[in-house]
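Peer 1: here are the coordinates; sequence isn't available:
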C-alpha cells in the first residue's frame, strides 16, 4: 500500500528550503514508513501515482529530501522515511561549463556541482557498449550526464597515462577522470 507523506513534516522541510541550502537529512534517521507511489524515470521525469509532477518547485523540494541507502532511494523528513523507485539515477546533468580548470555541472533540479575527488565523473558501458556518463552531485546521489554535455566533455578530453595504460578523459580541479581507454578511441 502506498503511503502519503506527512503534511506537517513537508511544511517544515519547505520552510527550511525557502531559506536556501539543503536540509540536514544526513542527521535524520526516522523509521521506515512504507513505499510511496513515486518514480523517477531514466529521463529525469518525476511521477506521483503515475502522473508526471509538472511543478518544478515541487520536484526541487522532493529532490532536497532524497536519500540513497545501498541501492534503495527514500524521501526523508525528520519523522518519516518513504521508499521511492528510481529507474537509473535521480538527476540529469543538463549543462556543463568549463572555466578556470573546473567542470561545473547543472542538474535538472537546479543543483550545481564541480567535478572533483568528492564529486567524481564515472563512465560505464551499457549492454550495447555505449557510454553512460555520471557525476556525483551530493550525498551519494548521481546525475546522468546528458548527451550534449557529454559531447562537450569529449571535446575537452585528453589522453593521459594511468598505471601504464593510456586513457582518454577530462580534468577538473586537477583531477583526471578517465572516460575510455585510448586504444578504443575511433581513428
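Peer 2: That came through, no problem. Please read these numbers as outputs of a predicted model, since none were measured by experiment.

Peer 1: Domain boundaries for the protein, per the record?
Peer 2: The chain breaks down into these domains under automatic domain parsing: 7-86, 91-184.

Peer 1: Output the ones you listed as a markdown table; include the columns mean pLDDT and mean neighbour count.
Peer 2: From N, CA and C alone the C-beta is placed, and that goes for glycine too. Below are those laid out as a markdown table (pLDDT from 0 to 100; neighbours: other Cβ atoms under 10 Å):
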| stretch | mean pLDDT | mean neighbour count |
| --- | --- | --- |
| domain 7-86 | 88 | 15 |
| domain 91-184 | 95 | 16 |
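
Peer 1: ok, now how distant is residue 138 from residue 54?
Peer 2: With distances taken as Cβ to Cβ, to the nearest Å, residue 138 is found 24 Å from residue 54.

Peer 1: likewise residue 71?
Peer 2: Residue 71 sits 28 Å away from residue 54, going by Cβ to Cβ.

Peer 1: cool, and residue 105?
Peer 2: Here the criterion is Cβ to Cβ. By it, residue 105 lies 24 Å from residue 54.

Peer 1: cool, residue 154 as well?
Peer 2: 33 Å.

Peer 1: Then residue 106?
Peer 2: Taking Cβ to Cβ, one finds residue 106 at 20 Å from residue 54.

Peer 1: what do you get for residue 82?
Peer 2: For residue 82, the distance to residue 54 - Cβ to Cβ - is 21 Å.

Peer 1: do the same with residue 83
Peer 2: 23 Å.

Peer 1: Residue 97 too?
Peer 2: In terms of Cβ to Cβ, residue 97 sits 28 Å off from residue 54.

Peer 1: List the contacts of the strand or helix carrying residue 93.
Peer 2: Counting by DSSP states H and E, the element that carries residue 93 is strand 91-99. The contact list for strand 91-99, computed with Cβ atoms under 8 Å, 6 or more residues apart in numbering, reads 43-44, 63, 103-109, 111, 135, 137, 141-146, 149, 152-153, 156.

Peer 1: strands paired with that strand, and their directions?
Peer 2: strand 102-107 (antiparallel), strand 141-145 (parallel) (DSSP bridges).

Peer 1: Can you add distance to residue 128 and give those strands back as CSV?
Peer 2: Converted to CSV, the strands paired with strand 91-99 look like this (distance: least, Cβ to Cβ, whole Å):
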stretch, distance to residue 128
strand 102-107, 25
strand 141-145, 16
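
Peer 1: out of these, which comes closest to residue 172?
Peer 2: strand 102-107 (4.0 Å; Cβ to Cβ).
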